[in-house]
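# Here you go, sequence then predicted model.
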Amino acid sequence: MERAIANLKNANALSLDGICGLGTAELEGLVRPSGYFRQKAARLKGFCSFVKARHGSLEAMKRLGGPNLRAELLSVNGIGNETCDSIMLYALGKRIFVVDAYTKRIVSRLLGLRNEPSYDELQEAFHSALRKDIGLYKDMHAQLVELAKRHCTKSDPLCEGCPLLEMCTRGAGAATGRQPRISCPPCACSFSSPAPP
Ligand code: SF4
């Protein structure tokens, strides 16, 4: 991803006008290092064209309220919950927590869930638990990504040395046979349905 961004910068195209002004083949070439380059180029161009046509600029788009903005973004082809909320938080400065596959994996293991919670359910849980602070949302998201890369990997997580080990159902249970120190209070959400040991 970093190389694709550097390519766009070097081509003086890291802007709405810049991206909209590129031909399809040229844009695909610039974002090629990020993988799935054809799909990404098409979606990037689609998003930039949408913003320009609808709002004229990102600054104008920022002035929309959160719920309206979210609904608008989700109506753009190729933009799902995670992409939408990443744009909202990082590009538009809106206070919304981004849930990704890493977050789902870590929380599921932490609480010993049989099924991964839904996007909305997990986002709501973070919104309720965290101080309402954009910087904190960004930091928490970044730390979860790092944790997933260093310790909570997709298969064979490296629980030894993980900062969440003492409170993790999977980690603490696997290492010592002890019960974890946290438990999920009974409620209506899927968080309260832990997997059997
Ligand atoms: S203790 Fe293990 S399973 Fe639990 S969050 Fe850390 S790496 Fe993941």
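Cool, the structure landed. Here the structure is a predicted model, which is why all the values come from computation and not from measurement.
# got the contact list for the closest residue to the ligand within the chain?
For the chain and the ligand, the shortest gap (CB to the nearest ligand atom) falls at G171, measuring 2.3 Å. Placement of C-beta: from N, CA and C, glycine included. Counting by CB atoms under 8 Å, 6 or more residues apart in numbering, G171 makes contact with 109, 157, 159, 162, 164-165.
# any chance of those in CSV, with pLDDT and neighbour count too?
Output for those, formatted as CSV (pLDDT from 0 to 100; neighbours: other CB atoms under 10 Å):
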residue, pLDDT, neighbour count
R109, 94, 21
P157, 94, 20
C159, 93, 18
C162, 95, 19
L164, 94, 18
L165, 94, 17
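# The residues you listed also near the ligand: which ones?
Among the contacts of G171, the ones lying near the ligand by CB under 6 Å from any ligand atom are 109, 157, 159, 162, 164-165.
# Point out the ones among the residues you listed that are inside helices.
Members of those lying in helices (criterion: DSSP state H): R109.
# residue contacts, L64?
55, 72.
# measure it to I87 for me?
12 Å (CB to CB, to the nearest Å).
# got any ranges where the chain has weak pLDDT?
Along the chain, the model assigns pLDDT under 70 to residues 173-197.
# Quickly list the domain ranges of it.
Per automatic domain parsing, the domain ranges recorded for the chain read 1-54, 56-96, 101-192.
# got the contact list for V76?
Residues near V76 by CB under 8 Å, 6+ apart: 46-47, 50.
# These into JSON lines, with extra columns for distance to the ligand?
Formatted as JSON lines, these follow (distance: CB to the nearest ligand atom, whole Å):
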{"residue": "G46", "distance to the ligand": "36"}
{"residue": "F47", "distance to the ligand": "33"}
{"residue": "F50", "distance to the ligand": "38"}
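# Now, of the residues you listed, which are buried?
Buried members of these, scored by 16 or more other CB atoms under 10 Å, are 47, 50.
# taking the contacts of V76 one by one, which sit in helices?
Using DSSP H, the contacts of V76 in helices are 46-47, 50.
# Just the closest of those residues to F126, please.
F47 (24.8 Å; CB to CB).
# What segments of the chain are helices?
Under DSSP H, the chain gives helices at 2-10, 16-20, 24-31, 37-54, 58-62, 66-74, 81-86, 101-111, 119-129, 134-150, 169-176.
# Any chance of a markdown table for the ones you listed, columns distance to L92?
Below are those laid out as a markdown table (distance: least, CB to CB, whole Å):
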| stretch | distance to L92 |
| --- | --- |
| helix 2-10 | 18 |
| helix 16-20 | 13 |
| helix 24-31 | 21 |
| helix 37-54 | 10 |
| helix 58-62 | 5 |
| helix 66-74 | 7 |
| helix 81-86 | 10 |
| helix 101-111 | 20 |
| helix 119-129 | 16 |
| helix 134-150 | 10 |
| helix 169-176 | 36 |
